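Visitor: make a model of this:
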Amino acid sequence: MEFRNRKGQFPLIDLIVKGLKIIRFWNESPGQSLSTWGLIVIVTYPFVWLIPSWLFIMSSQDDITRLIKAVNEQIVFLAIFIKFCLFAMNFRRWEQLFYDLQRAYSSLMDDRNLDIQQIMGSVEKSAYYLTRLYCPVLCFNCAVYGSFAMLFVVAKYAITGSYDVPLPTPLEASYLIPGHRTNFWIWLPLDTMLNALLELHGIILCLIECFTWSLVYATTSLFRILQIQANDLSHPIGSKREWTVKFTRFVTLHDSVLGSARTLKEILSVQMLSLYFSTVFALCLVMIVLSLAFQDLYLLITMSCVIGYCLFQIFSFSYLGTELIVESGAVAEAIFHSAWYNQDVERQQDIRFAMLRAKKPVSLTAGNLFIVTRSSFAQVIKQTYTIFTLMSQFLEDTVH
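Guide: Below you'll find the model as predicted:
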């Protein structure tokens, strides 16, 4: 893949940015607020998915399985809505972070170090392939959740002239439209519109998530580049001016990366907290639904999609959070293990200063309550099982 584009800038997550521009969630030029179309999509989201689902839950349904499924959907879709809102609220900061990282990578495009060029290529390729793979998977999940059920009903009605009620909608929800779950010709246009909106929101969600993961990975990769540059600082350089230029470039890049990491931590703090809590309760409810209706094949498939989505979300951030801690902390280690002792005393003082600044690793946190690492992923699984056991016992006692 070519590093240079027409403007001589590094094409950081180019495919994702192009996708965001198409759906009007990114601007052609920086410094502007999120587009009106983007705000409309976010504002209408609760009226399509959250409020109807809440009305269904509050209507005292007799089917406990459908009720728990609706509560689970409310949790997952509420977490997605929070993600959309936080993206809109922090849009200018996301934009600034993106351009800061792009400038940092653009400054390295002429670096002759092959390891640095390999890391830069990995950053661009990972964002490209993540988007190409994750978008179809998430869209397929949305189709499984809504479109396949609709197509099955349509096919059965075309063949037999009959259909079962209540007619399915993507979510267990009450849309206050008479006959929308009993009359085929009222249900069909409504369900078609709902599935189209589900796919649209799925594409937007996919691009926002890929955007977030890719920027975290890009920040982590810059720490890897700093480790290479830290080792190069120990190489003997003839003139004092050449050393000053090289050291200044290292410190400038390190400042930029630390600023980007702090911005990531601040932007993602609330989102991580929401993600962890919603995932724990969503997984608990999914397992309860599966234990109550394990003979319903379609329900098993749709709930498996929810489990897969929630686990992938938590695992991806846990993995990236651990990598960010490891790679940022490794900068100081790279400086310490370099041959700094071969330099003169003045240069050793400069290197020591750089090492002290790099000594404290950066991390992602969930509401400043805990650090996001692979250990936190294991804790989610443990907490989920514990709450599932308690809720199962409560339901069993209630039934008996």
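
Visitor: please count neighbours and contacts with C-alpha atoms only from this point.
Guide: Will do.

Visitor: helices or strands up against the biggest helix by length in the chain?
Guide: As assigned by DSSP state H, the longest helix anywhere in the chain is helix 240-292. Judged by 3 or more CA pairs under 8 Å, 6 or more residues apart in numbering; DSSP states H and E, helix 240-292 is in contact with helix 64-89, helix 91-106, helix 184-232, helix 297-336, strand 365-366, helix 374-399.

Visitor: 10 Å instead, please
Guide: helix 64-89, helix 91-106, helix 184-232, helix 297-336, helix 345-357, strand 365-366, strand 370-371, helix 374-399 (3 or more CA pairs under 10 Å, 6 or more residues apart in numbering; DSSP states H and E).

Visitor: what's the mean pLDDT across that helix?
Guide: Computed over helix 240-292, the mean pLDDT rounds to 86.

Visitor: tally of neighbours for the residue nearest to F388 when sequence neighbours are not counted?
Guide: Nearest residue to F388 in three dimensions, chain neighbours excluded: C284, at 4.9 Å (CA to CA, 6 or more residues apart in numbering). Number of residues near C284 (other CA atoms under 10 Å) recorded here: 24.

Visitor: ok, C284 to W54 distance?
Guide: Using CA to CA, to the nearest Å, C284 is found at 19 Å from W54.

Visitor: check F25 too.
Guide: Distance, F25 to W54, by CA to CA: 28 Å.

Visitor: next one: I288
Guide: Taking CA to CA, one finds I288 at 19 Å from W54.

Visitor: more neighbours, those two?
Guide: I288 (20 against 17).

Visitor: just checking, the more buried one touches F388?
Guide: Yes. Here I288 reaches F388: they are 7.1 Å apart, a contact under CA atoms under 10 Å.

Visitor: so for the strand or helix carrying S122, what gets flagged as buried?
Guide: Element membership for S122, per DSSP states H and E: helix 114-142. For helix 114-142, the neighbour count (16 or more other CA atoms under 10 Å) marks 116-117, 119-120, 122-124, 127-128, 130-131, 134-135, 138-142 as buried.

Visitor: measure how far stretch 315-325 is from the centre of its chain, please.
Guide: From the chain centre to the centre of stretch 315-325 is a distance of 12 Å (CA atoms, centre = their mean, to the nearest Å).

Visitor: what does stretch 123-135 give?
Guide: Counting by CA atoms, centre = their mean, stretch 123-135 comes out at 13 Å from the chain centroid.

Visitor: same question for it, mean pLDDT?
Guide: 93.

Visitor: and the longest helix of the chain with helix 64-89, angle?
Guide: Using axes from the mean of the first three to the mean of the last three CA atoms, to 10 degrees, one finds that helix 240-292 and helix 64-89 are set 160 degrees apart in direction.

Visitor: and helix 240-292 with helix 91-106, angle?
Guide: Going by the same axes, to 10 degrees, helix 240-292 makes 130 degrees with helix 91-106.

Visitor: ignoring the adjacent residues along the chain, who's closest to L78?
Guide: L50 (6.9 Å).

Visitor: how close does that neighbour sit to M303?
Guide: 18 Å.

Visitor: just to revisit the earlier point, quick one: the helix holding S122 to helix 184-232, angle?
Guide: On the basis of the same axes, to 10 degrees, helix 114-142 is oriented at 170 degrees to helix 184-232.

Visitor: list the helices and strands helix 114-142 packs on?
Guide: In terms of contacts (3+ CA pairs under 10 Å, 6+ apart), helix 114-142 is packed against helix 14-22, helix 91-106, helix 184-232, helix 297-336.

Visitor: mind listing what the closest residue to G19 other than its chain neighbours touches?
Guide: Spatial nearest neighbour of G19, chain neighbours left out: L207 (7.0 Å); criterion: CA to CA, 6+ apart. Under the criterion of CA atoms under 10 Å, 6 or more residues apart in numbering, the contact list for L207 reads 15-20, 23, 25, 131, 134-135, 201, 213.
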